[in-house]
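Novice: compute the structure for the input listed below.
(one chain, ligands or ions: 1)
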Amino acid sequence: MSGRLQFYFAEARKLSSHYGTLPRDFKFFLRSLKISETIIALEDDIPISLEDQQQIESFFHEYTQGIPLDYILQESAFFNHTFFVDSRVLIPRPETELMVEKVLRLPLSSDAVVLEVGTGSGCISVSLALSRPSWRVIASDISAEALEVAQINLKKFEVVNLQLIYSNWLSFARFNSVELIISNPPYIHPDDEHLKDLIHEPISALVTPNGLNSFKEIAKQAMHALKSGGQIMFEHGHTQKDEVMSILHEEGFINIVSNQDLQGLNRFVLAEK
Ligand SMILES: C[S@@+](CC[C@H](N)C(=O)[O-])C[C@H]1O[C@@H](n2cnc3c(N)ncnc32)[C@H](O)[C@@H]1O
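Specialist: Just a heads-up that it's a prediction; the model follows:
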C-alpha cells in the first residue's frame, strides 16, 4: 500500500498490459472516491487517506478477478439515469434502452397498466414510470434478491407509480387486466459457450431451458392477463427471432412484428392479443 496517488497511477499503467481497459476504468473509480477531475486528468500526485488506499487496493483486486466495473462501482447508466446495481442483478445492457424507447412510442392510454416480467434492477420499469407518471407500472421478479435491488432504485428515484411483486412470471396477474406486457427474460441456452464470460452475473437472470422456455411461459400467461388488443414486447437473443415469433403465434397472438437493435440485429418482437 502507498499513501500517494502517483503510486496507483503507475500500478494501473503496469497492469494495462494484461487488462487493457484498467487505466480508463481506474479513473472512473477515482471519481467515485471524489478525487478531483483535474488530478485524475493530469494523473497528478496527492496524498491519499488510508481508507481510500484500501478502496483502491480492493478495486485492483476485484478488477483483476474479472468483476465487471458496474458491480465494483455499484452503478449502471441506463436511459439517462444512474441505477444502483450489484451482483444480485443483471447489469443493464444498452440495447435494452431501445426497448424503453419503443414502449414510449406505443399509443397506449394515458392511464395504462403496464407489466414488466423479470425486472432485475428495475431499470426498465423505473425508466418507464418516470417517463409516464400517469401509467401504473407493475414489475415482477422471482428473485427476492433482485427485488431488493429494484426497491433501492425505486426509492432512489422516488417513483410512486411503480409496484414491485414477487412472482413466478405473471402468475399474479388478473384476467384481462393489462394493456402492455414487456420482458427481457433469461434467454441463454444452458450449453451456450458465452456463459463462461458471464460468471459474475446471476445465472437465473441469464439461462432458461433450451434458451426459449421463458418466452413460452410468459407468452402463455400473457394471453390470460392481457386485455383484448393488448400488446406484448420481448427482448430476445439475436438468433431467436423466428422461434420467439412462432411461440407467440402458437399462443394465438396476432400482428407479430420484429424489430432490430442499433446494430441492425433482430432483438425485439411486438405482438397483439
Ligand atoms: C435478463 S434479466 C432482465 C433484468 C432487467 N429487466 C433488465 O433488462 O436488465 C431476467 C430477469 O428475470 C428474472 N426471472 C427469472 N425467472 C423468473 C420467473 N420465473 N419469474 C419472474 N422473473 C424471473 C430474473 O431474476 C432476472 O431478474
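Novice: how does the protein divide into domains?
Specialist: 5-66, 78-272 (automatic domain parsing).
Novice: and the ones you listed, which is most packed in?
Specialist: Ranked by mean neighbour count under mean count of other C-beta atoms under 10 Å, the domains of the chain are led by domain 78-272, which reaches a mean of 18. From N, CA and C alone the C-beta is placed, and that goes for glycine too.
Novice: hmm, back to that, compare the domains of the chain and give me the one nearest residue 72.
Specialist: Each of these has some distance to residue 72 by C-beta to C-beta; the shortest is domain 5-66, at 5.1 Å.
Novice: quick one: terminal-to-terminal distance for that closest one?
Specialist: 23 Å (C-alpha to C-alpha, to the nearest Å).
Novice: redo the domains of the chain as a markdown table? Include distance to the ligand.
Specialist: What follows is the domains of the chain, written out as a markdown table (distance: least, C-beta to the nearest ligand atom, whole Å):
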| stretch | distance to the ligand |
| --- | --- |
| domain 5-66 | 20 |
| domain 78-272 | 2 |
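Novice: report the rounded mean pLDDT for the helix or strand hosting residue 40.
Specialist: Per DSSP states H and E: residue 40 is located in helix 37-42. Average pLDDT, helix 37-42: 94.
Novice: what packs against that helix?
Specialist: Helices and strands touching helix 37-42, as assessed by 3 or more C-beta pairs under 8 Å, 6 or more residues apart in numbering; DSSP states H and E, comprise helix 22-32.
Novice: any chance you could list what contacts the helix it packs on?
Specialist: Identification of contacts with helix 22-32 by C-beta atoms under 8 Å, 6 or more residues apart in numbering yields 8-9, 12-13, 15-16, 37, 40, 56, 59, 63-64, 69, 72-73.
Novice: from these, which two are the most distant?
Specialist: Of all pairs drawn from the contacts of helix 22-32, the greatest distance, 25.5 Å, lies between 37 and 64 (C-beta to C-beta).
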